[in-house]
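Participant: I would like the atomic coordinates for the input below:
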Amino acid sequence: MAGRVIRAVIMGPPGAGKGTISSRLVESFKMEHLSSGDLLRSQMDKGTEAGKAAERFVQEGKLVPDKAMVDLIMGEISTRAVQGRARPRRWLLDGFPRTLGQARELAKQQPVDVVISLDVPRETILGRVRDRWVHVTSGRVYHATYNPPQVRWRDDVTGEPLTQRPDDHPDTVSKRLEQYSCMTQPVLDFYREAGLLKVFAGTESDVIWPQVKQFMEELASS
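Facilitator: The predicted model follows:
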């Protein structure tokens with residue numbers, strides 16, 4: 001889809017369906033998906049200056065400073081450009097920024113056009129993860145309601161027992177949601193004040209997606 005350059009950020013609490021919405025955005029609008037975790041590993045593996053700087057903090061068990069993270073992300077975009085690929089005209093930044101400092105630093109180096117925030121009720125998220133089960137060996141994921149196994153609590157392919165990830169336990173998820181809220185609320189406020197925040201609310205990705213798609217179509221054609 002031709003059109004304007006779009007530099008977007010997507011935010012949402014764990015279990016909000018960010019992965020689903022991100023994949024649909026990438027496919028529908030030909031966006032490059034930039035996951036902060038993947039970019040961090042890529043730059044460290046390539047041994048770039050930004051990657052080396054970040055690796056020192058990781059090896060010491062410290063958080064990578066805000067400026068170093070932004071340098072790393074922008075370095076990855078530039079690296080892709082010099083490897084014979086065009087500098088991405090449209091990208092979706094996922095998992096970053098997580099702090100107000102990161103948001104401010106990113107604004108200095110690379111202003112974004114829109115910040116997509118997924119607003120899903122807490123109880124909906126808890127329900128999603130409470131009923132999610134996995135086959136550890138293969139990574140296949142099941143859900144008691146949306147994608148149930150053919151035989152209760154058994155993997156469809158091997159018949160082996162399914163288990164629940166430790167970080168999917170309700171108590172663990174509740175803590176992660178609280179941590180997310182405390183950390184990202186200042187980021188959301190920063191983008192709201194800048195007029196860049198667009199919130200999409202709902203209980204299902206299939207309900208939220210049409211809203212996101214319509215907004216992005218209007219943005220792309222503006």
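
Participant: How far away from the center of its chain is the helix or strand hosting residue 116?
Facilitator: Residue 116 is part of strand 114-119, with elements assigned from DSSP states H and E. Per CA atoms, centre = their mean, to the nearest Å, the displacement of strand 114-119 from the mean C-alpha position of its chain is 11 Å.

Participant: Would you give the sheet partners of that strand, along with the direction of each?
Facilitator: Using DSSP bridges, strand 114-119 pairs in its sheet with strand 6-11 (parallel), strand 197-201 (parallel).

Participant: Can you say which of these is nearest to residue 123?
Facilitator: With CB to CB as the criterion, residue 123 lies closest to strand 197-201 of the strands paired with strand 114-119, at 13.8 Å. Placement of C-beta: from N, CA and C, glycine included.

Participant: what's in contact with that closest one?
Facilitator: Contacts of strand 197-201 from elsewhere in the structure, counted by CB atoms under 8 Å, 6 or more residues apart in numbering, are 114-120, 188, 191, 208, 211-212, 215.

Participant: Which single one of these is nearest to residue 76?
Facilitator: With CB to CB as the yardstick, the closest approach to residue 76 among these comes from residue 115, at 19.7 Å.

Participant: That closest one: neighbour count?
Facilitator: Per other CB atoms under 10 Å, the neighbour tally for residue 115 reads 22.

Participant: got it, and the one 3 residues further on?
Facilitator: The number of residues packed around residue 118, counting by other CB under 10 Å, is 21.

Participant: cool, residue 178 as well?
Facilitator: Counted with other CB under 10 Å, the burial measure for residue 178 works out to 12 neighbours.

Participant: That one falls within a strand, correct?
Facilitator: No: looking at residue 178 with DSSP: H, G, I helix; E, B strand; the rest coil, it is helix, so not inside a strand.
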